[in-house]
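1. Whatever this is, show me its structure:
(chains A and B)
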Amino acid sequence: MDTSIKSGSEEHTVMLGVSIGSVLSPGDVVCLEGELGTGKTVLVKGIARGLGHEGPVTSPTFTIIHTYPDARLCHVDAYRLEGARDLVSVGIDDFLDGGWVCAVEWADRVRPALPERALRVRFSFGPGEDDRVLEVSATGEWDGRLGALLEELTDHGR
Amino acid sequence: MLVLGIETSCDESSAALVSDGLETLSNVVASQVDLHSSYGGVVPEIAARAHVEALIPVVKEALEPADGAPELVAVTAGPGLVGSLAVGVSAAKGLAWSWGVPLVAVNHVEAHAFAPALEGTLPGFPFCALVVSGGHTLLAEVRGYDDMRPVGQTLDDALGEAYDKVAKFLDLGYPGGPVIDRLAAEGDGAAVEFPRAMMTSGDLNFSLSGLKTAVIRYMRGAGEHAPAVADVAASFQEAALEVVVKKTVRACLELGLRDVVMGGGVACNRRLRDWLGEKCAAEGINLVYPSPELCTDNAAMVAALGYRLYELGYRAALDLDVYTNFRLGTDH
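-> This next block holds a predicted model:
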């Protein structure tokens, strides 16, 4: 079941990311989907902060994978990838071994290379210029962490 | 000293032979742009495979002017695509080992800042470096061949990445830089007022992701009433470059630097060259950028900086590893 959350600004999306990041732990995968400019990288800035990263989080479009060892965060951008095989060839498996949180932008392009258990966030443009809609859902077993997270996100998303 | 340089950090498989860090004897570049253009960017799996196929012939051709084996091998160890970097670094290790000559690791972004050395136009230290490409947007204070300190950088997208993404959204093809530059020359840069992000941030950092989003939002909202694509391209370019030009000049003034070296693929952009040239001239700042073939990725710049680092005593071991994240000055 999808939980729909509205964001009214970039800062708002960052705060939603902080909430998500603070409940994630190594081994978790977040699949981010939605067209250019809907806020995927912005959410990852928040996730990184929620995981304890201080400092900038820049777009990984060019090198595909950025790592933030201080937060055990692996930030992936599949924008330029053709399919799951490409993601495997850049070495994603090294980061799916349970030691890292993986946040994957354009995950729909490479889904077979990612584990079944994942948090999924689908982004779309909202009515106003800065409005975005985030549809959050999850697959696999999340040990009750998910209920609290969705409740918190829904509170922030009003 | 004859130095073989190898560069495979992204699109280009390149090898070059440079004498004493100054004279280019060969600079061979095999570009994969055609392979990638249908995908609107670099596909790493294709990139790594293409490097494997291209590198040996490229190295052979680069070595043609040499009388014997080179005396040093310099290779880009990062930042870039991990699989692509590994191809170049493995080849460099093999060659250095078989020739029995030393190996030096070069940072790709730093190499861009020293490329004018190959044309005799590198200013004396210290100078300001502006590196703008598909993967990097950086202002740095350069105090020596092994002393480059970042003073500003992008907080999200690189400048060339913004060009690529906007070009793809506007269906203009890849790479986005040249096509937008060409189209913008025919357009009205004042047609649409796009945001100049970070202009008043008080620091020397950049943010380009909001501009990309503004272009997308504008086009979606305008629908059939959108202005000519040349006007949109020109308006995007004016917004993107204005911040770069103003912050580069500000960096020089704040740091007391009288020279700027501009490098990276976007340094070929005509509007950027003209605009930055004009603003630098007004402040009495000397702007230097190399020929287009030395702005885009190439191995001659890697050989040139590799030679200087060797002279300073740097050596890389045969267990040299590659790295993908941006960083400066830590990997000689």
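2. For the chain, give me the ranges with low pLDDT.
-> You didn't say which chain, so I picked chain A. When the per-residue scores of chain A are filtered using pLDDT under 70, the ranges that remain are A:1, A:157-158.
3. wait, chain B
-> By pLDDT under 70, the weakly predicted segments of chain B are B:32-46, B:326-332.
4. Quick check: nearest residue in space to the residue nearest the centre of it, chain neighbours excluded?
-> If you average the C-alpha coordinates of chain B and look for the closest C-alpha using CA atoms, centre = their mean, you land on B:G264, 2.5 Å from that point. Residue nearest to B:G264 in three dimensions, not counting chain neighbours: B:S133, with 3.4 Å by CB to CB, 6 or more residues apart in numbering or on different chains. Heads up, the C-betas are built off the backbone N, CA and C, glycines and all.
5. The one you found contacts B:A158, doesn't it?
-> Yes: with contact defined as CB atoms under 8 Å, B:S133 and B:A158 form a contacting pair (6.6 Å).
6. can you pull the contacts of residue 72?
-> This is for chain A. Residues near A:R72 by CB atoms under 8 Å, 6 or more residues apart in numbering or on different chains: A:P26, A:L51, A:G99, A:W100, A:V101.
7. other chain: chain B
-> Taking CB under 8 Å, 6+ apart, we find B:L72 in contact with B:M1, B:L2, B:V3, B:L4, B:V101, B:P102, B:L103, B:V104, B:G306, B:Y307, B:Y310.
8. Distance check, the second one against B:V322.
-> So the one you mean is B:L2. 25 Å (CB to CB, to the nearest Å).
9. Check which residues of stretch B:56-63 are buried.
-> Taking 16 or more other CB atoms under 10 Å in any protein chain shown as the basis for neighbour counts, the residues of stretch B:56-63 that come out buried are B:V58, B:V59, B:A62, B:L63.
10. Give me the contacts around that stretch.
-> Contacts made with stretch B:56-63 from outside it, assessed by CB under 8 Å, 6+ apart, are listed as B:4, B:6, B:13-17, B:26-30, B:70, B:91, B:95, B:299.
11. if we can go back for a sec, kindly present the contacts of A:R72 as CSV, with separate columns for neighbour count and secondary structure.
-> Rendered in CSV, the data for the contacts of A:R72 read as follows (neighbours: other CB atoms under 10 Å in any protein chain shown; DSSP: H, G, I helix; E, B strand; the rest coil):
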residue, neighbour count, secondary structure
A:P26, 15, coil
A:L51, 24, coil
A:G99, 11, coil
A:W100, 21, coil
A:V101, 25, strand
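12. The residues you listed: which two are farthest apart?
-> Set against one another by CB to CB, the contacts of A:R72 have their most distant pair in A:L51 and A:G99, with a gap of 13.1 Å.
13. Show me which residues of chain A sit near chain B.
-> Counting by CB under 8 Å from any CB of the partner chain, the residues of chain A close to chain B are A:10, A:35-37, A:41-42, A:56, A:58-59, A:61-67, A:79-82, A:85-86, A:89-91, A:125, A:129.
14. in chain A, which spans are helices?
-> Counting by DSSP state H, chain A forms helices over residues A:10-23, A:40-50, A:84-89, A:145-156, given from the N-terminal end onward.
15. buried sites along the longest one?
-> Looking back up the chat, that one is helix A:10-23. Of the residues in helix A:10-23, those with enough neighbours to count as buried (16+ other CB under 10 Å) are A:E10, A:H12, A:T13, A:V14, A:M15, A:L16, A:G17, A:V18, A:S19, A:I20, A:G21, A:V23.
16. How much space separates the fourth one from A:G50?
-> A:V14 sits 10 Å away from A:G50 when distances are taken as CB to CB.
17. Same question for the second one.
-> In this structure, A:H12 lies at 14 Å from A:G50, with CB to CB as the measure.
18. what's the answer for the fifth one, then?
-> In this structure, A:M15 lies at 9 Å from A:G50, with CB to CB as the measure.
19. Likewise for the last one?
-> When distance is defined by CB to CB, A:V23 is 8 Å away from A:G50.
20. okay, and the common contacts of the two?
-> Contact criterion CB under 8 Å, 6+ apart; residues shared by A:V23 and A:G50: none found.
21. tell me the domain boundaries of chain B?
-> What automatic domain parsing lists as the domains of chain B is B:2-114+B:294-311, B:125-289.
22. ok now the first one, how far from the chain's centre?
-> Read that as domain B:2-114+B:294-311. Taking the mean of its C-alpha atoms, domain B:2-114+B:294-311 sits 14 Å from the chain's own mean (CA atoms, centre = their mean, to the nearest Å).
23. what's the answer for stretch B:257-270, then?
-> Between the centre of stretch B:257-270 and the centre of its chain there are 9 Å (CA atoms, centre = their mean).
24. Would you mark the buried spots in the top helix by length along chain B?
-> Looking only at chain B and at elements set by DSSP H, the helix with the highest residue count is helix B:229-255. Counting neighbours by 16+ other CB under 10 Å, one finds that the buried residues in helix B:229-255 are B:229-241, B:243-245, B:247-252.
25. Can you tell me which helices and strands it packs against?
-> strand B:127-132, strand B:137-144, strand B:147-153, helix B:159-169, helix B:176-184, helix B:209-222, strand B:259-263, helix B:270-282 (3 or more CB pairs under 8 Å, 6 or more residues apart in numbering or on different chains; DSSP states H and E).
26. Strand partners (parallel or antiparallel) of the shortest one?
-> Same thing as strand B:259-263. Looking at strand B:259-263 with DSSP bridges, its paired strands and their directions are strand B:127-132 (parallel), strand B:286-288 (parallel).
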